[in-house]
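Trainee: requesting a structural model of the entry that follows:
(chains A and B)
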There are 2 protein chains.
Amino acid sequence: MFSDRFDQLVQALRILPSVGPKSAQRMALHLIMKNREGALGLAYALNEATTHIHECSICHSLTEDEVCNICASSERDEELLCVVESPADVMAIEQSGSFRGKYHVLGGHLSPLDGIGPEEIGIPALIHRLSSGQVKEVILATNATVEGQATAHYLVEATKHLPVQMTRIAQGVPQGGELEYIDSHTLSQAVHNRMRMK
Amino acid sequence: MFSDRFDQLVQALRILPSVGPKSAQRMALHLIMKNREGALGLAYALNEATTHIHECSICHSLTEDEVCNICASSERDEELLCVVESPADVMAIEQSGSFRGKYHVLGGHLSPLDGIGPEEIGIPALIHRLSSGQVKEVILATNATVEGQATAHYLVEATKHLPVQMTRIAQGVPQGGELEYIDSHTLSQAVHNRMRMK
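Mentor: Model prediction:
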């Protein structure tokens, strides 16, 4: 609209998730009109992050070093390993403050139709990691989607020969959930996995 | 969370309008995990736009050159001048395709409590521009807010001595508006400014 570089900025902003043409335009105008310093800071942060952040060589989460903070920490329980699909899941679990063990990021889930088998999500590497015997329990925290469930089931089968306990995060009614609005599959899981209170 | 540079990127993304901490985190993860090339492209576009885009010396809209496309165009009506508050308004009117004259961007509205008087929004410069006699009609397209209205009224007063027609964009029920949900001030304006149909 105003100039080629303005249009290029609008176009570039559209790579951000859930930013459509209108939002991108509004963002570009905001940056150019009201916060050029912030725009330069964002450009710098993008360059820095893109250049320096890579996969942790142990858990495949994100880090700037060879090994991430969590893998490097001596305060976390080495016997407890939480398997998740992506670094975003590590972030979500860390923010819940409910876990003090280590992680393993698969980087996806099994999806045979898309050509994603065990090798593609590094399951052989995970099994190798478990073979050392240090881990006593694996918490399968893949998503509660069809693919996430299938991946969890596959991992249980694939580790049958190892002396390691495999657990799955609980499924049921979420906090604040009203039964009336909860899908019947979740409800049937919640009834089936009911917990004794007395 | 993962590293300092990751946190800095999340922080930098928060300068974007309507991006809160959760969205910024999601954006940062998306860029680092799925679109590093896009992230570098965005950094480049931000640098380029910030360095090259500035105010048009005539209308105060945005341009990369001395004078913007619209001011430079010989195909647009020099006798019709649309006065708006910001370059975003130029964009909105251009996208509506309803105007073929030239623009003048005030860069704000009168707001005495914030110390913004006629000088701060370049009203003397606008009056000087109108004094040349080339412009026959000024369309006041400031926002329909209290400040926008006040600015429009001020401009009418301030140009009383000039032989130029001053008009105000119409106010009324927007397209698709249901009367039931429209505020009473707008409705009373719409009734008052009713148009003859037969």
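Trainee: can you give me the strands for chain A?
Mentor: Counting by DSSP state E, residue ranges of the strands within chain A are A:54-55, A:62-63, A:77-84, A:101-105, A:137-140, A:165-168.
Trainee: need the winner for burial among those.
Mentor: The highest mean neighbour count among the strands of chain A belongs to strand A:62-63 (a mean of 25), with neighbours defined as mean count of other CB atoms under 10 Å in any protein chain shown. (Each C-beta comes from the backbone N, C-alpha and C, glycine too.)
Trainee: distance between that one and the chain's centre?
Mentor: 12 Å (CA atoms, centre = their mean, to the nearest Å).
Trainee: and that strand, what does it pack against?
Mentor: strand A:54-55 (3 or more CB pairs under 8 Å, 6 or more residues apart in numbering or on different chains; DSSP states H and E).
Trainee: again, only this time at 10 Å
Mentor: Packed against strand A:62-63 by the contact rule (3 or more CB pairs under 10 Å, 6 or more residues apart in numbering or on different chains; DSSP states H and E) you find strand A:54-55, helix A:69-72, helix A:87-96, helix B:4-13, helix B:21-34.
Trainee: from the contact counts, what lies against the third one?
Mentor: Packing partners of helix A:87-96 (3+ CB pairs under 10 Å, 6+ apart): strand A:62-63, strand A:77-84, strand A:101-105, helix B:21-34.
Trainee: so which of the ones you listed comes closest to residue A:170?
Mentor: Of all the helices and strands packed on helix A:87-96, it is strand A:77-84 that lies closest to residue A:170, at 13.7 Å by CB to CB.
Trainee: what helices or strands is the lowest-mean-pLDDT helix or strand in chain A leaning on?
Mentor: Taking mean pLDDT, DSSP states H and E as the measure, the helix or strand of chain A with the lowest value is helix A:184-192, at a mean of 90. In this structure, helix A:184-192 makes packing contacts with no helix or strand, judged by 3+ CB pairs under 10 Å, 6+ apart.
Trainee: and the closest residue to residue A:126 other than its chain neighbours, what does it touch?
Mentor: Here the nearest residue to residue A:126 in space, its sequence neighbours aside, is residue A:104; by CB to CB, 6 or more residues apart in numbering or on different chains that works out to 5.6 Å. Listed by CB atoms under 10 Å, 6 or more residues apart in numbering or on different chains, the contact partners of residue A:104 are A:56, A:58-61, A:71, A:81-84, A:90, A:122, A:125-126, A:129-130, A:135, A:138, A:141.
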